[in-house]
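Asks: Fold the following for me, if possible:
(chains A and B)
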Number of protein chains: 2
Amino acid sequence: MSLLVVGSIALDSIKTPFGKVDEALGGSAVYFSCAATFFNSARLVGVVGADFPKKYIELLRRRGVDVAGLKIDGGKTFRWKGEYGFDLNTARTIYTHLNVFADFKPEIPAQYRDSDNVFLANIDPSLQLDVLKQVDEPRLIACDTMNYWIENKPKELKKLLKHVDIFFANDKEAREFSGEINLLKAARYIFSCGPKIAIIKKGEHGVLCISKDFIFSYPAYILEDAFDPTGAGDTFAGGFMGYLSKAKRINEAVLRKGCAYGTILASFAVEDFSVNRILKLKDKDIRDRYKKFKMLMHLEG
Amino acid sequence: MSLLVVGSIALDSIKTPFGKVDEALGGSAVYFSCAATFFNSARLVGVVGADFPKKYIELLRRRGVDVAGLKIDGGKTFRWKGEYGFDLNTARTIYTHLNVFADFKPEIPAQYRDSDNVFLANIDPSLQLDVLKQVDEPRLIACDTMNYWIENKPKELKKLLKHVDIFFANDKEAREFSGEINLLKAARYIFSCGPKIAIIKKGEHGVLCISKDFIFSYPAYILEDAFDPTGAGDTFAGGFMGYLSKAKRINEAVLRKGCAYGTILASFAVEDFSVNRILKLKDKDIRDRYKKFKMLMHLEG
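Replies: Residues are numbered from 1 along each chain as shown, chains lettered A, B, ... in the order given. Presented below is the predicted three-dimensional model:
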């Protein structure tokens, strides 16, 4: 089954205590689709400027990403510059130049309208809703958001969520959106808005998946050398949705495996800048880490 | 095999958004020993004042705690008053009256000197070391500490750690003690000081157990209604050490089960003030929650 992602494509300049990079390939749709391709091709919808390096488009294409929905606008590509301290938990933004992304109006190509699985990466919830009007009848819709939209477009976000099956949020966002400190209560509030499943990302502390009928909680994969956390959440979503998009039915076992693959792909992503580590990854690396991840939380009867 | 605990016994006055309690039974040695008794009797060494309610001593005795090492001094019992906000993560201390605890010099009764398993709860590392001089040759020594001793008695703490097998710390303490942000690196520093195993407690985010040969990471048990987090860490240690003290050999499987029981007992402890919930607990409650905890982090091949 097909997988569509709509989100940002960016040129990221990043400094961490371990190194720096200028104008590297980034953006939620890029991290997502590169991770998803380990399981399925991804149809990418996004916008870049005329200055966007052709080699990056070529790189995505070679990776198995369908770039028919990538619009090349006349202006400049979205650029972000940020810096992390030693704990790598929060970035300090030096600048955000939205450029062509400021006027992004996602247009879904005709051949993408039959998409079975849709991921709406973090953009304005009104635009996320616009995307849904342009697709026929996906069997699975997931979305991400951020504190900015929770605070500034709560009505639009709630309108969107009526159509969403899986809501991704980090723990802070889930608490802010619901007004509940307790994450079970926060999830219940999310269910009341529409989604049947809440995926609560906790960064170095792992992930929590809550539905009305079950709950599971996985730690993060433990790394000796995290390098750059940019894109970890979108890589998680890409691994998760890539796996789910190939499953005939979405049930608890599939969601558990999806979260495990998301965790593992995110753990690779943070080992280098941009999608560098993901591009070098072999299927065997993923299988090996899956086994280690399973052992990490193994408990005998 | 026998289990000895040395630590504080306190009268706690606590306010949370969900209720308050005055002069309730508390202290690290109390939480620890009440949890441990689900697996083994605990030999308790500590000090209280003449004002310490006799009913609390009776309660500990009925619970299976050996109170022969409980010294009743002439002064007043250690008192702590604190308050938690909605997130329950950090307490605001209103007062700490050390009282008789200020001059606590642990004296290990002759019949405790053969203790096989020893837990040194968070007290001055010089006193923790004194305790070790008074016991013959325990097969397992574990200790806890806090930021105050890391900052003010680092030499004494390091001297103590040479004799310690298992070092308990929360993530912040492990980072502060080692000067390393990465917890694997922090654990390696801890190993260089003596301990073979680091148990890194992360509160609502679970626990990490690291040795030179293996690592595992468990989430916390997910609760809808956490009520009062006081004593959760010591309850964890009590469940963990109680289970370990009954095991013939300490290996990875035993450590995993110990951490699971610690997690489960701590999850019950936070459901009520003081040791109230722990005292009402049945073995079946623990078995049921163990199964649920296992499912929480279950992942298929």
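Asks: wait, what's in contact with whatever residue of the stretch 1-150 of chain A ends up closest to chain B?
Replies: Closest to chain B within the stretch 1-150 of chain A is residue A:86: 4.9 Å, counting by CB to the nearest CB. Every residue, glycine included, has its C-beta placed from N, CA and C. Residue A:86 makes contact with A:17, B:181, according to CB atoms under 8 Å, 6 or more residues apart in numbering or on different chains.
Asks: mind checking the SS state of it?
Replies: Per DSSP: H, G, I helix; E, B strand; the rest coil, the secondary structure class of residue A:86 is coil.
Asks: That one and residue B:173, how far apart?
Replies: Applying CB to CB, to the nearest Å, the value for residue A:86 to residue B:173 is 17 Å.
Asks: swap in residue A:13?
Replies: Relative to residue B:173, and taking CB to CB, residue A:13 is found at 35 Å.
Asks: So which bits of the longest helix seen in chain A are buried?
Replies: As assigned by DSSP state H, the longest helix anywhere in chain A is helix A:252-269. Neighbour counts over helix A:252-269 (16 or more other CB atoms under 10 Å in any protein chain shown) mark A:252, A:254-269 as buried.
Asks: Quick check: residues of the stretch 201-301 of chain A near chain B?
Replies: A:202, A:205-206, A:208, A:215-220, A:222-226, A:253, A:256-257, A:260, A:293-301 (CB under 8 Å from any CB of the partner chain).
Asks: hmm, back to that, compare residue A:13 and residue B:173 and say which is more crowded by neighbours.
Replies: For residue A:13 versus residue B:173, the count of surrounding residues by other CB atoms under 10 Å in any protein chain shown is larger for residue B:173: 21 against 18.
Asks: Check what pLDDT residue A:90 gets.
Replies: With respect to pLDDT, residue A:90 scores 82.
Asks: ok, and the closest non-adjacent residue to it?
Replies: Excluding its sequence neighbours, the residue lying closest to residue A:90 (CB to CB, 6 or more residues apart in numbering or on different chains) is residue A:84, at 7.6 Å.
Asks: Quick one: residues contacting the one you found.
Replies: A:14-17, A:90-92, A:228-229.
Asks: Quick one, which of these are buried?
Replies: Burial by neighbour count, 16+ other CB under 10 Å: within the contacts of residue A:84 this picks out A:14-16, A:91, A:228-229.
Asks: Which pair in those has the greatest spatial separation?
Replies: Within the buried ones among the contacts of residue A:84, A:15 and A:229 form the most distant pair, 12.8 Å apart (CB to CB).
Asks: What segments of the stretch 51-200 of chain A are helices?
Replies: For the stretch 51-200 of chain A, the helices defined by DSSP state H, counting those that start in this stretch occupy A:54-62, A:125-133, A:147-152, A:154-161, A:171-178, A:183-193.
Asks: Flag every buried residue along the fifth one.
Replies: Spelled out, that is helix A:171-178. So, applying 16+ other CB under 10 Å, buried residues of helix A:171-178: A:171, A:173-175, A:177-178.
Asks: from these, which single one is nearest residue B:276?
Replies: For the buried residues of helix A:171-178, the nearest to residue B:276 is residue A:175 (27.7 Å; CB to CB).
Asks: residues touching that closest one, list them.
Replies: A:181, A:183, A:186.
Asks: Quick one, which of the residues you listed are buried?
Replies: In terms of neighbour count (16+ other CB under 10 Å), the buried residues within the contacts of residue A:175 are A:181, A:183, A:186.
Asks: before we move on, back to that, mind pulling up the pLDDT for the residue of the stretch 1-150 of chain A closest to chain B?
Replies: For residue A:86, the predicted pLDDT is 84.
Asks: for residue A:173, same thing?
Replies: Predicted confidence (pLDDT) for residue A:173: 96.
Asks: Tell me, how many residues neighbour the residue lying closest to it once chain neighbours are set aside?
Replies: Excluding the flanking residues, the one nearest residue A:173 by CB to CB, 6+ apart is residue A:147, at 5.7 Å. Neighbour count for residue A:147, taken as other CB under 10 Å: 13.
Asks: do the same with the one 5 residues further on
Replies: By other CB under 10 Å, the residues close to residue A:152 number 11.
Asks: Where does the closest residue to residue A:71 other than its chain neighbours sit: helix, strand or coil?
Replies: Nearest residue to residue A:71, sequence neighbours excluded (CB to CB, 6+ apart): residue A:47, at 4.6 Å. The three-state label given to residue A:47 by three-state DSSP is strand.
Asks: Nearest to the spatial middle of chain A, which residue is it?
Replies: Closest to where the C-alpha atoms of chain A average out (CA atoms, centre = their mean) is residue A:234, at 2.3 Å.
Asks: And the pLDDT for it?
Replies: 98.
Asks: ok, it to chain B distance?
Replies: For residue A:234, the distance to chain B (CB to the nearest CB, to the nearest Å) stands at 22 Å.
Asks: Tell me who's in contact with the residue nearest to residue A:180 when sequence neighbours are not counted.
Replies: Once flanking residues are discounted, residue A:180 sits nearest to residue A:186: 4.3 Å by CB to CB, 6+ apart. Counting by CB under 8 Å, 6+ apart, residue A:186 touches A:174-175, A:177-178, A:180, A:198, A:200.
Asks: And for residue A:118?
Replies: Residue A:118 neighbours (CB under 8 Å, 6+ apart): A:3-6, A:131-132, A:135, A:138, A:140-142.
Asks: Next: residue A:3.
Replies: The contact partners of residue A:3, by CB under 8 Å, 6+ apart, come to A:36, A:40-43, A:115-119, A:241-242, A:245.
Asks: Ramachandran angles for it?
Replies: With angles defined as degrees, to the nearest 10, residue A:3 sits at phi -140, psi 120.
Asks: Pull up the residues of the stretch 51-200 of chain A that are close to chain B.
Replies: A:86-88, A:181-185.
Asks: can you dump the C-alpha coordinates of the worst-scoring helix or strand of chain A on mean pLDDT into CSV?
Replies: Least confident helix or strand of chain A, by mean pLDDT, DSSP states H and E, is strand A:91-97 with a mean of 94. C-alpha atoms of strand A:91-97 as CSV (Å, rounded to 0.1, in the frame of the first residue of the first chain):
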residue,chain,number,x,y,z
ALA,A,91,18.2,23.3,20.1
ARG,A,92,18.9,27.0,20.3
THR,A,93,17.6,28.5,17.0
ILE,A,94,19.9,31.0,15.4
TYR,A,95,17.6,31.7,12.5
THR,A,96,14.6,30.4,10.7
HIS,A,97,14.2,31.6,7.1
